[in-house]
Each structure stands twice: as structure tokens, then as C-alpha cells.
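Enquirer: from the sequence below, what's the structure:
(chains A and B, ligands or ions: 2)
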Amino acid sequence: MIVTLLDITIGGLLTGGIYALTAVGLNLQYGVARVLNIAHGEFIMLGAFATYSLYTLFGINPLVSLAIGGPIVFIMGFLIHNTLFQYLRSSSESMGAFEGRSLLASFGLLFIIQNVALLSWGPEIKGYTYLAEPVNILGTIFAANRLVALLFAVAIGLAFYLFLVRTRLGKAIRAAAQDPETAQLMGINIHRGFSRLTYQHDVRNHTTYGSPLYCNCPYCGGFRGIGQYPRQFHRGFDPGAYWQHSDLYRSRVIIGCLLHDLHPLTLGKANRYFREIEKCIVSELPLIKRLSS
Amino acid sequence: MLQVSNINSFYRKIQALWGVSLRIDEKELVALIGANGAGKTTLLKTISGLLHPASGSVQFLDMRIDQMPAHSIVELGVSHVSEGRRLFQDMTVRENLDMGAYTHKAWNKKEETLERVHQIFPILKVRSRQLARTLSGGEQQMLAMGRGLMSRPRLCMFDELSYGLAPILAKEVFKIVKTLREQDIAILLVEQNVRHALEIADRAYVLENGRIVLEGESRGLSENELIKQAYLGL
Ligand SMILES: Nc1ncnc2c1ncn2[C@@H]1O[C@H](COP(=O)(O)OP(=O)(O)O)[C@@H](O)[C@H]1O
Ligand SMILES: [Mg+2]
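Expert: Ligands and ions are numbered 1, 2, ... in the order given. All right, here's what the predicted structure looks like:
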């Protein structure tokens, strides 16, 4: 019993942690770059598949792909932003028009990535065994890969958090997300490089979040990302605040726990998509409560 | 120091400023007064680069700045404290002040400037780690002013500092503005509280429907019949 509970907790922390990190990414994306990057979850999925292939085909250690993958995707984010979004920005007459178009473009990106993944990896759920040996902690047995994945998610999240909270650039990004006009009056150039930089960070982070996921399918990304949207529209768009509102963060982790492991226990083999949609709704609950009170 | 010449500013197709000219000399405290919707905020935005005039020019320290982006104008030494405070609500007091010193020049001297700002607004030191949104109205206004000073400006523009403040706090704020000019900072003060503004300003401009209708020494203006009737309620 205790084993199951601990396992549920750790699994939930992992899932909840990734949800929380995705939410931070959304805050930034929308707040600074004004790009409604629907394709968040797809980058998670892509990261998971890339790691999967590198491991199963070439025997490359997933932890190594994680380390080299980050910078590569960072550059990929640069290219996508410089071509696609930069073009849309310069051809849009207003910020509102740009938001609409970037949303559509993100949807396009989502379908492209999904279909490329579908063609390359097929529709089945893929998994691999890595670091599956049991680890004994306080008399409880865990698979080592779960612990490693958790550690990585926490480390990436923490590093990004410190970047946002401690550095001049990180603070400026948060300021620009909260109030772009005032940020300009502080001397922050919100037009050049800034939105691209957040986009790059965002894409890189999400791909890395995905890397330790040892179970994945081409459609798995969709709701991991999209599920975040309704909530972000109700809340402000500052990731710093996100971390400071620790009650929200905690509730999300708890929800992560519930969704990740209790759900299958109670519902049995429920339809995966149904579950995903339900995730969006269930995770809305605390927010709805807050709004109505 | 600042020379605004004959500017016309628009919000899309709607003209908000019509041939406005204004001058501020070194260390001068100039008040800009006018009814709601007269165009005061628009004029400040045009100076700080948030808005670019369709015609006319803005010169600061003999440089043309009217087509420069806002973030470059701060760097030259113009600080704009917006109407409604516009704090970064979800950042701490200290982080807000840090952002005020974002420009490279100011960032290098941040600690020194911070000490000065803390001297002027001791409460900001006490509240350092609190989120801006948790401050009282008066404290928020102090933070907005403090943040504006963190860039080490030569010219500071304040938009409706006293708005929404209790009379005692408003008085306090005006007192602080007065001490600033003693530190060699020129000030452009936008106010609805005309009496207070004219009390501390050297000169003043009156804006009506986007046009300057009166200008002169504050003392003279407070004797002016039109001002007495329209703004001082005498
Ligand atoms: N963002 C905007 N878009 C369109 N019109 C605006 C905008 N801001 C202000 N205006 C108009 O410009 C005029 C001057 O406004 P403003 O400069 O804010 O006046 P004041 O600061 O003196 O109260 C007003 O008629 C106002 O309705
Ligand atoms: Mg105004």
C-alpha cells in the first residue's frame, strides 16, 4: 500500500511538474512573444521520440541526448521564430492581427509536427526500457528512470526559474510579459530578440521536458499542451507570479498526482482521449472555484 | 534641455495634439495642466517615444528624439512615470526598482542609485521584498516615482502623481517632487491638482483640446482670471 502511494506521489509529481512547467512556458509565450504557441505539447512529444529513437536505434544514452538536444532545439526555435513568426509579425498591421495569425500558424505547426511524427514513428504508443532497475529508498522500490526523470524535470524547471528571477534579462522578460508599454519606458527593447528569445527558451524547455518520458505517441503531445490554455486566459501572464502563487502550483501538482495514477485505477482502461479532455476540465476546477468566490 | 516644437500627434486617424510647443530648461520644474482628455498624457507619450508625432519635432539635449523608440529615449535621460502607476504588480518592490535601472548605464550604478532612492522613500526599503500589488496606494505611487528615478534621469515626467491619493499623501508627494529639482533633475509635472502644481512649479502650460492655450510663470498664471475660474474654482 505504502509502495503504491509513494509511487503515485512520485508519478504525480512528475506529471504535475511537467504541467506546471508547460504553464510557465505558456505564460511567457503569450505574455512576451504574443505567440499562442498551441504546439507546446508537440515539442514535448518530439523530445520524447527523439530520445527514444536515439536510444533504441543508436544506443545513445537518453541523458546524453538530453544534454546535446537542448542546444539543438534552441537553435531550431531560433529558425522557426525568425522565419515563420517574424514574417507574420512584419506583415500584420496590428498586434491583434498578429496574435490571430500566430495562433493559426501554431496550429499548422502542430499538425506538421504531429504528422511528421506519425510518418516517422507510426501511430502506436512507443516505450523503451532504460534504467529500469529497481532502486530501494527507505524500503520502497522505485524504477530508477522515474527518479531520474523527476530529477531532470525539477532541475530544468529550477534553472529556468532562477534565470527568470535572478538575472537582469530574466526579470526584463517577466516585466515585458506583464506590461510591455511600461517595460519600454524602463529601457527594455521588447521588439528585438526578446520574443524570439522567449520562444527559443520555451521550445527548448518543452522538448527537454519530453525527453525523460519513456512512453509516448504522436498524439500524446496535443493535450499535454493544449490543456493549459483555458486556465492561462483567466490568469495573468507572469511566470514569476505563477511560482509565487504556490497554492495554485501545489494544487496543480496534486491534480497531476490524481490524474496520473489514480485515474486509471478508478476508471480502468478508459479511452485515452476522454481522459485527456477530462484532464483539462478537472484542472479547471480550482480556478473556477477561485473565480466564483 | 527639452524643446518640443509644433507637434501634431494622432491615435490612428484621431488627432490628439495640435501644433503643441513646449520648452523645459535645465533644473526647471514645469507644470502641465488641463482638463481630462486635454491631451496631457498624449504629450508625455510623444516625448517619451511611446507615440511618434506625425509632424513637428522633439529635441532633447540638442538631439532629435521624436522618431526614436522609447527604450532609447530612456537611455538619453528622460524618465516617464505613467498615469496610474503602472507597476509590475507581480514583481517585488526591489525587482520593480531593478527594472527602473535596466539601461546599461544605470545598471552599473544600481546599488548607489538604490541607496539614494531609499533615502527619498524609506518605506521602499522596508517593503523591499513585498510584491508591488500588496502596497497601499501611497506606497505604490512612491514606488512608481522611485522606479522612475532609478534610470538616473536628467528629465523626469510625472503624470497625475496625486490622483487617488488622500490630501495628506498628495502633499507629501509634492514635497518630494520639490526636493528632486534640488538634485538637478528637471521636472515636467502633469496635474489636475492645479493649485498644488502652480505652487511648486516655475512655469506652467495650459492644454485645452490638444492645444496650448496659455503659458507663463506660475505666479502670473495663478493670478490669471481664466485659470482662477476654470481650474482654481475661485
Ligand atoms: N489609446 C488611445 N486611442 C485613441 N484615443 C485616445 C487614446 N488615448 C487617448 N485618446 C484620446 O486623446 C485625447 C487626449 O487624451 P489624454 O492625452 O489621455 O488626455 P489627458 O491625459 O489630458 O486626460 C482624448 O480625447 C482621448 O480620448
Ligand atoms: Mg492623462
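
Enquirer: what about the strands in the stretch 101-250 of chain A?
Expert: A:126-127, A:134-137, A:140-143, A:215-216 (DSSP state E, counting those that start in this stretch).

Enquirer: now swap in chain B and tell me
Expert: B:2-11, B:14-24, B:29-33, B:55-60, B:63-64, B:78-81, B:155-159, B:186-191, B:203-208, B:211-217 (DSSP state E).

Enquirer: tell me which of these is the most buried.
Expert: Stretch with highest mean neighbour count among those: strand B:78-81 (a mean of 28; mean count of other Cβ atoms under 10 Å in any protein chain shown). Just so you know, the C-beta spots here come from the backbone N, C-alpha and C atoms, and that holds for glycine as well.

Enquirer: who touches that one?
Expert: Outside of strand B:78-81, the residues within contact range by Cβ atoms under 8 Å, 6 or more residues apart in numbering or on different chains are A:185, B:2, B:44-45, B:47-48, B:50, B:60, B:65, B:74, B:144-145, B:147-149, B:151, B:153-159, B:161.

Enquirer: in CSV, list the strands of chain B along with mean pLDDT and distance to ligand 1.
Expert: Listed next are these as CSV, based on pLDDT from 0 to 100; distance: least, Cβ to the nearest ligand atom, whole Å:
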stretch, mean pLDDT, distance to ligand 1
strand B:2-11, 96, 3
strand B:14-24, 96, 4
strand B:29-33, 96, 9
strand B:55-60, 96, 16
strand B:63-64, 96, 22
strand B:78-81, 97, 13
strand B:155-159, 97, 7
strand B:186-191, 95, 7
strand B:203-208, 95, 7
strand B:211-217, 94, 12
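
Enquirer: adding distance to residue A:104, write the ones you listed out as CSV.
Expert: Output for the strands of chain B, formatted as CSV (distance: least, Cβ to Cβ, whole Å):
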stretch, distance to residue A:104
strand B:2-11, 28
strand B:14-24, 31
strand B:29-33, 44
strand B:55-60, 38
strand B:63-64, 40
strand B:78-81, 36
strand B:155-159, 38
strand B:186-191, 42
strand B:203-208, 43
strand B:211-217, 44
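
Enquirer: what is the burial count for residue A:42?
Expert: Residues contacting residue A:42 under the criterion other Cβ atoms under 10 Å in any protein chain shown number 31.

Enquirer: and it, how far is that from residue A:144?
Expert: Shown here: residue A:42 relative to residue A:144, a distance of 28 Å by Cβ to Cβ, to the nearest Å.

Enquirer: check contacts around the residue in chain B that ligand 2 sits nearest to.
Expert: Nearest residue of chain B to ligand 2, counting by Cβ to the ion: residue B:41, 3.2 Å away. With contact taken as Cβ under 8 Å, 6+ apart, residue B:41 is in contact with B:83, B:159, B:190.

Enquirer: hey, what's the last one bridged with?
Expert: Read that as residue B:190. residue B:32, residue B:159 (DSSP bridges).

Enquirer: quick one: it from residue B:177, how far?
Expert: Taking Cβ to Cβ as the measure, residue B:190 and residue B:177 are separated by 11 Å.

Enquirer: hmm, back to that, make TSV from the strands of chain B and add distance to ligand 2 to it.
Expert: Formatted as TSV, these follow (distance: least, Cβ to the ion, whole Å):
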stretch	distance to ligand 2
strand B:2-11	13
strand B:14-24	11
strand B:29-33	10
strand B:55-60	18
strand B:63-64	25
strand B:78-81	12
strand B:155-159	6
strand B:186-191	7
strand B:203-208	10
strand B:211-217	16
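
Enquirer: where does the prediction get shaky in chain B?
Expert: Applying pLDDT under 70 to chain B flags the ranges B:234.

Enquirer: run through who's touching the longest helix along it.
Expert: What stands out as the longest helix in chain B, according to DSSP state H, is helix B:167-181. The list of residues contacting helix B:167-181 from outside it, by Cβ under 8 Å, 6+ apart, reads B:27-29, B:120-121, B:137-138, B:141-142, B:145, B:149, B:156, B:158, B:161-162, B:165, B:187, B:189, B:193, B:196, B:199-200.

Enquirer: strand B:29-33 and that one, what's the angle between them?
Expert: Helix B:167-181 and strand B:29-33 meet at an angle of 140 degrees, taking axes from the mean of the first three to the mean of the last three Cα atoms, to 10 degrees as the criterion.

Enquirer: return the alpha-carbon coordinates of helix B:167-181 using PDB.
Expert: Output in PDB follows, covering the C-alpha atoms of helix B:167-181 (Å, rounded to 0.1, in the frame of the first residue of the first chain):
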ATOM      1  CA  PRO B 167      -4.700  65.000   0.600                       C
ATOM      2  CA  ILE B 168      -2.000  64.400   3.100                       C
ATOM      3  CA  LEU B 169      -0.300  61.900   0.900                       C
ATOM      4  CA  ALA B 170      -0.600  64.200  -2.100                       C
ATOM      5  CA  LYS B 171       1.100  67.000  -0.100                       C
ATOM      6  CA  GLU B 172       3.900  64.600   0.700                       C
ATOM      7  CA  VAL B 173       4.300  63.600  -2.900                       C
ATOM      8  CA  PHE B 174       4.500  67.300  -4.000                       C
ATOM      9  CA  LYS B 175       7.100  67.900  -1.300                       C
ATOM     10  CA  ILE B 176       9.200  65.100  -2.700                       C
ATOM     11  CA  VAL B 177       8.900  66.400  -6.200                       C
ATOM     12  CA  LYS B 178      10.200  69.800  -5.000                       C
ATOM     13  CA  THR B 179      13.200  68.100  -3.400                       C
ATOM     14  CA  LEU B 180      14.000  66.400  -6.700                       C
ATOM     15  CA  ARG B 181      14.600  69.500  -8.500                       C
END
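
Enquirer: go through that helix and flag the buried ones.
Expert: Neighbour counts over helix B:167-181 (16 or more other Cβ atoms under 10 Å in any protein chain shown) mark B:169-170, B:172-174, B:176-177, B:180-181 as buried.

Enquirer: what about the closest residue to ligand 2 within chain A, distance to residue A:93?
Expert: Using Cβ to the ion, the closest approach of chain A to ligand 2 is made by residue A:181 at 14.0 Å. Distance, residue A:181 to residue A:93, using Cβ to Cβ: 19 Å.

Enquirer: look at those two and report which has more neighbours.
Expert: Taking neighbours as other Cβ under 10 Å, residue A:181 and residue A:93 compare with residue A:181 leading, 13 against 7.

Enquirer: how about the more buried one, what does it touch?
Expert: Residues near residue A:181 by Cβ under 8 Å, 6+ apart: B:50, B:82, B:86.
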